[in-house]
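Participant: Sequence and predicted structure, then a few things I'm wondering about:
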Amino acid sequence: MITTWRQRGMAIVAMLTGLIIMVGVVFGSANTAYAATLTPADERYHVAFPYNDTEYYVGVAGLDASGNKYYCIEAGKLSDYVIGPTTVLASDENARRMAWILDRYRDTDATTHAAIGIIVQDHFGRDRDEWARQMAVIQGRYPEIVAKAVRIWDQSAGKTPAGTTVERTDAEALRSGSISVKVVNRAGDAIAGVPFTVTLQGAARFVQGGNTFSGVSTSAGSSIAWEATGAGEVTANTTYEYGRMHVMDSTQDMLAFDSMASTGGASTTFRVRKDFVPAVSTKVSEKVLDVASPVFDDVTSGVADANSYWVPDLELQVRGYYFDGLDTGDVGNVITPNVQESADAFLARLATLGYEPVAYGKASFTGVGQQVRVQAMTKPDDGAAYRTKQNSGFGTWVWVFRRSEQSKQAQEYLIGDWISPFMEATESNTSRRKLEVMSTVTEHSADIGAELSDTITVSGFPADHGQYAGNEEYEFAADRPYATVSVWRSGDPDSPSNDDAYKPSGADVPEEDDNHQLLVTWEVPAVNGTFRIGAGSLDAHGAPMYLTAERHGWYVFVWTFAGDGRVSPASSRYDDAWERVRVLEPCEPEEPCEPEEPEEPCEPGDSDEPCEPEEPETPDEPEDPETPEETAGPSPESSLPITGGDVAVASVLAATALAVGLVLLIIVRRRQL
């Protein structure tokens, strides 16, 4: 309030007693263009100071119906408190700082309002000269208020928002994570107390629900958790609020807080994916198997692509299907599932192509990188262990994750089935066939100088054996085109009578020494069939095969196949009685040959029948393969030579002697006559 004490004649001034005057404000006439008026502020909102023999006030000039406080910005002008039109100030740094101060000190004491009045005039006043004169008075009377004004203005520095930062943090496999939001000043420092909002656009939502989150900033930033609802790009948009100021146009222009406005801040875009595609990588435990072998597969859990992430500890079941009986034409012929093809549809498609599973496996995993060795079984969920057969040939696994077989929780994260291709290299193996070999020598006993030969029958090779070139990617070896036939001699080089000490024994051929010699080795085709060995028959390269017994002893034919990717190794036994020949030294002409001492002595003259030759010993029954069935080849008994030649010669000589005797007897009788 202004009080006059020198000029009582100033009636017009006295009539305005009780009106509030702000810094530089004097009374003025009413503006009848606007009906609404401010309520003049009382001593709770300002302090008085004398200026030009009049009492002036610095602080709040008036309040509107909403309680907003108005501060004068024209020093030396009257005010009629009529509310005129308002204009929002441009949102520069000073305006935002002033808005922060007015919002921060809405309710305070008179001295603080006075300090704010000083700040308003200092930064937004329109009559700089008049205000400087008034400020000199205020400085002398209220230095503490002037100092407070400086402190409050300095306090506002760095408190006004200039933008936001937003980033995705703590993302868990694109499936969930957090949004970190900071409201920052012009220096980029996070500030507290500023309202902000984050809105998600895309396949994600905030954990507390919805796509929008509103909060108040902190100096450490605010973290808001989100979770994916699907797959794709998600954009997090932010807005923040800042205070605005407006100027009221009246007889005395005034400044007041206008409102909080929202403006766009930073945004960030990222990819999310709730679902994932499980997968397995597998490798057969053994690439090469033999007949009757169990089948194993080493299965390792994983995901199908780089953007798939296994839900931690989520258990999934995988099933395996084992196919065999495949041939060389199937190797390398990979069949892949179609896009969105189900596991059952893929298996049905394989069946139409002639591929049916013969065994099954299953495993469960709760994360990536777990490994299980799975054995093939005869049934999907039970049954016995599957074992390969003679015609198993090439085999391969197909593994599937069926969505329908997973738990309800797991099905939320799976959008379909996953299937491995048919005939992948790491999934495939080969089962080698087992061979059967039957053979017999042409003669089981012969003299030195005799030509030796053998007949061999082989079965078990694939029909196209010798033609497959192998496959390096699949680690399948090429066919070996040849088997070998070797002939061994054993005996005492100095004493024929001691040859029996070196009679062939054991399944394997011996080491070469003075009593055991490898005489010859021929290559023959590694195919099924009956082969004549020796006696001029041709080997695999078209060369004739001959073998002459040059020394006494035992001669043994041994057929051998080293094995390859499709056929197991096989060999005839060294001690096979069907495969050996006993070679004797020739008889001297002057003396009858001494026959080989049989196991049961047979002396001429014991009976009317000649002695039977020694029969070959029955060979030990081989462990593998089993004794072959009777074949069309010659049997040892029918092949044995007749060794009764000495008896026949004696009979001829006796008949001749008898005839000579009869002739002599007739001559004698005639002479007697």
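Facilitator: Perfect, I can see it now.

Participant: Could you check how far the nearest residue to residue 544 once chain neighbours are set aside is from residue 546?
Facilitator: The shortest distance from residue 544 to any non-neighbouring residue, by Cβ to Cβ, 6 or more residues apart in numbering, is to residue 536 (4.7 Å). Placement of C-beta: from N, CA and C, glycine included. According to Cβ to Cβ, to the nearest Å, residue 536 and residue 546 sit 6 Å apart.

Participant: Which of these two has more residues huddled nearby?
Facilitator: For residue 536 and residue 546, the more surrounded residue by other Cβ atoms under 10 Å is residue 546, and the numbers stand at 13 against 10.

Participant: For this structure, just list every one of the helices.
Facilitator: With helices called from DSSP state H, the chain shows them at 11-14, 93-104, 110-124, 128-141, 143-156, 343-352, 408-411, 636-639, 645-672.

Participant: Worst mean pLDDT among these?
Facilitator: Ranked by mean pLDDT, these bottom out at helix 11-14, with a mean of 31.

Participant: For the stretch 401-550 of the chain, which segments are assigned as strands?
Facilitator: 418-419, 428-432, 436-441, 445-447, 453-459, 482-490, 516-525, 529-534 (DSSP state E, counting those that start in this stretch).

Participant: got the CA coordinates for the strand of greatest length in the chain in CSV?
Facilitator: Assignment by DSSP state E gives strand 254-273 as the longest strand of the chain. Extracted in CSV, the C-alpha atoms of strand 254-273 (Å, rounded to 0.1, in the frame of the first residue of the first chain):
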residue,chain,number,x,y,z
MET,A,254,2.8,-8.8,-15.8
LEU,A,255,4.5,-12.1,-15.9
ALA,A,256,3.1,-15.4,-14.5
PHE,A,257,3.5,-19.2,-14.7
ASP,A,258,1.4,-20.5,-17.5
SER,A,259,1.3,-24.3,-17.5
MET,A,260,3.3,-27.5,-17.9
ALA,A,261,3.7,-28.5,-21.5
SER,A,262,4.8,-31.8,-23.0
THR,A,263,7.3,-32.1,-25.8
GLY,A,264,8.9,-35.0,-27.5
GLY,A,265,12.2,-36.4,-26.3
ALA,A,266,14.4,-39.1,-27.5
SER,A,267,13.3,-42.4,-28.9
THR,A,268,14.9,-45.8,-29.5
THR,A,269,14.0,-48.7,-31.8
PHE,A,270,14.9,-52.3,-31.1
ARG,A,271,13.9,-55.8,-32.1
VAL,A,272,11.9,-58.1,-29.9
ARG,A,273,11.0,-61.8,-30.2
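
Participant: Return the list of strands paired to that strand, each annotated with direction.
Facilitator: strand 69-72 (antiparallel), strand 231-248 (antiparallel) (DSSP bridges).

Participant: between the longest one and helix 93-104, how many degrees?
Facilitator: It stands for strand 231-248. 80 degrees (axes from the mean of the first three to the mean of the last three Cα atoms, to 10 degrees).

Participant: model confidence over strand 231-248, on average?
Facilitator: Here the average pLDDT along strand 231-248 is 95.

Participant: And the first one, by the same measure?
Facilitator: Per-residue pLDDT values over strand 69-72 give a mean of 96.

Participant: So which residues make contact with it?
Facilitator: 22-25, 38, 41, 45, 59-64, 79, 102, 106, 113, 116-117, 120-121, 248, 252-257 (Cβ atoms under 8 Å, 6 or more residues apart in numbering).

Participant: now it, how far from the chain's geometric center?
Facilitator: 70 Å (Cα atoms, centre = their mean, to the nearest Å).

Participant: How about the last one?
Facilitator: Strand 231-248 has its C-alpha centroid displaced from the chain centroid by 43 Å (Cα atoms, centre = their mean).

Participant: hmm, back to that, what does the pLDDT read for the residue nearest to residue 544?
Facilitator: pLDDT, read off for residue 536, is 96.

Participant: swap in residue 612?
Facilitator: 49.

Participant: repeat for residue 91
Facilitator: 89.

Participant: surely it meets residue 242?
Facilitator: Yes - counting by Cβ atoms under 8 Å, residue 91 does reach residue 242; the two are 6.8 Å apart.

Participant: So the two - more neighbours on which side?
Facilitator: Neighbours were counted for residue 91 and for residue 242 using other Cβ under 10 Å; residue 242 has more, 20 against 16.

Participant: Spit out the contact partners of the nearest residue to that one once chain neighbours are set aside.
Facilitator: Using Cβ to Cβ, 6+ apart and skipping the chain neighbours, the partner closest in space to residue 242 is residue 161 (5.1 Å). When contacts are counted by Cβ under 8 Å, 6+ apart, residue 161 is found next to 96, 183, 184, 185, 191, 194, 217, 240, 241, 242.

Participant: and which of those residues is nearest to residue 450?
Facilitator: Nearest to residue 450, judged by Cβ to Cβ, of the contacts of residue 161 is residue 184 at 109.2 Å.

Participant: Looks like the closest one contacts residue 165 (just checking).
Facilitator: Yes - with contact defined as Cβ under 8 Å, residue 184 reaches residue 165; the gap is 6.0 Å.

Participant: Between the two, which contacts overlap?
Facilitator: Common neighbours of residue 184 and residue 165 (Cβ under 8 Å, 6+ apart) are residue 190.

Participant: Turn the strands paired with strand 254-273 into JSON lines, columns for distance to residue 555.
Facilitator: As requested, these are exported to JSON lines (distance: least, Cβ to Cβ, whole Å):
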{"stretch": "strand 69-72", "distance to residue 555": "128"}
{"stretch": "strand 231-248", "distance to residue 555": "78"}
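
Participant: Of these, flag the one that's most buried.
Facilitator: strand 69-72 (a mean of 28; mean count of other Cβ atoms under 10 Å).

Participant: Relative to residue 119, how far out is residue 133?
Facilitator: 18 Å.

Participant: Between those two, tell me which one has more neighbours.
Facilitator: residue 119 (21 against 14).

Participant: mind listing what the closest residue to residue 270 other than its chain neighbours touches?
Facilitator: With Cβ to Cβ, 6+ apart as the criterion, residue 270 has its nearest non-adjacent residue at 4.9 Å, and that residue is residue 168. Applying Cβ under 8 Å, 6+ apart, we find residue 168 in contact with 177, 178, 179, 180, 236, 268, 270.

Participant: Show me the beta-bridge partners of residue 168.
Facilitator: Bridge pairing for residue 168 - DSSP bridges - gives residue 179.

Participant: on that earlier part again, the strands of the stretch 401-550 of the chain: which one's closest to residue 569?
Facilitator: strand 428-432 (8.7 Å).

Participant: Mind giving me the packing neighbours of that closest one?
Facilitator: With contacts defined as 3 or more Cβ pairs under 8 Å, 6 or more residues apart in numbering; DSSP states H and E, strand 428-432 has these neighbours: strand 288-290, strand 394-401.

Participant: What separation is there between the closest residue to residue 94 other than its chain neighbours and residue 54?
Facilitator: Distances taken as Cβ to Cβ, 6+ apart place residue 123 nearest to residue 94, at 5.5 Å, with adjacent residues excluded. Residue 123 sits 25 Å away from residue 54, going by Cβ to Cβ.
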